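Visitor: only geometry, no sequence info:
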C-alpha cells in the first residue's frame, strides 16, 4: 500500500510563488510516474504535470507550461511542484498521484493508482 501526503498549499496574491510537496510512504515505493492534478469546485480533476520516476521526463498542461516545474527526489520519495507567476485561475485543490504501471496514461486521472488528500491553493487578484 502507498500513502501520499501533500503539503505547501496556501493563500497568495497573483504573481506569487508556492512550492507543493508530496511525500510517499509504503513498502518499496517504485512508481512509473508521479503527477499533479487540480480540481476547482464544480469542475473535473485536471492534469497539471507529470514526471517519470526513473528518468525524470516531464510533461505539462499548456495552461501551466513555463510557470510550473515538477521535480522529484527519489531518495526522499518526494515529488515537488514549483508554481511561479500564479494566477487566480490556478485556484484549486491540488492532488498528487502515483501511477504504478508502465502503461499508465499519466496525463489522465484514471491512470493513477494512489492519491493524496489534496492541498488547497488560493490565488487572489
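Guide: Structure's in. What do you need? Just so it is clear, the structure is predicted and the values come from calculations on it, not from any experiment. Residues are numbered from 1 along each chain as shown.
Visitor: Could I get the contacting residues of the residue of the chain positioned farthest from its centre?
Guide: In terms of distance from the mean C-alpha position of the chain, residue 125 ranks first, at 23.0 Å (Cα atoms, centre = their mean). Listed by Cβ atoms under 8 Å, 6 or more residues apart in numbering, the contact partners of residue 125 are 13-14, 88. Where C-beta positions appear, they are placed from N, C-alpha and C, glycine not excepted.
Visitor: again with residue 82
Guide: Applying Cβ under 8 Å, 6+ apart, one finds that residue 82 lies in contact with 17, 19, 68-71.
Visitor: That one pairs with what?
Guide: Beta bridges link residue 82 to residue 19, residue 69, judged by DSSP bridges.
Visitor: just to revisit the earlier point, show me the one in the contacts of residue 125 that has more neighbours than the rest.
Guide: The most crowded member of these, judged by other Cβ atoms under 10 Å, is residue 14 (13 neighbours).
Visitor: Let me know whether that one touches residue 89 as I believe.
Guide: No - using Cβ atoms under 8 Å, residue 14 is not in contact with residue 89, being 9.6 Å away.
Visitor: Residues that sit against both of the two, list them.
Guide: Taking Cβ under 8 Å, 6+ apart as the contact criterion, the common neighbours of residue 14 and residue 89 are residue 123.
Visitor: Please enumerate the strands of the protein.
Guide: 2-7, 10-13, 18-26, 33-39, 46-52, 58-60, 68-73, 78-83, 92-99, 114-115, 119-124 (DSSP state E).
Visitor: need those in JSON lines with mean pLDDT and distance to residue 108, can you?
Guide: Below are these laid out as JSON lines (pLDDT from 0 to 100; distance: least, Cβ to Cβ, whole Å):
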{"stretch": "strand 2-7", "mean pLDDT": "96", "distance to residue 108": "17"}
{"stretch": "strand 10-13", "mean pLDDT": "98", "distance to residue 108": "28"}
{"stretch": "strand 18-26", "mean pLDDT": "95", "distance to residue 108": "18"}
{"stretch": "strand 33-39", "mean pLDDT": "98", "distance to residue 108": "9"}
{"stretch": "strand 46-52", "mean pLDDT": "98", "distance to residue 108": "7"}
{"stretch": "strand 58-60", "mean pLDDT": "98", "distance to residue 108": "12"}
{"stretch": "strand 68-73", "mean pLDDT": "98", "distance to residue 108": "16"}
{"stretch": "strand 78-83", "mean pLDDT": "98", "distance to residue 108": "18"}
{"stretch": "strand 92-99", "mean pLDDT": "98", "distance to residue 108": "9"}
{"stretch": "strand 114-115", "mean pLDDT": "96", "distance to residue 108": "13"}
{"stretch": "strand 119-124", "mean pLDDT": "98", "distance to residue 108": "21"}
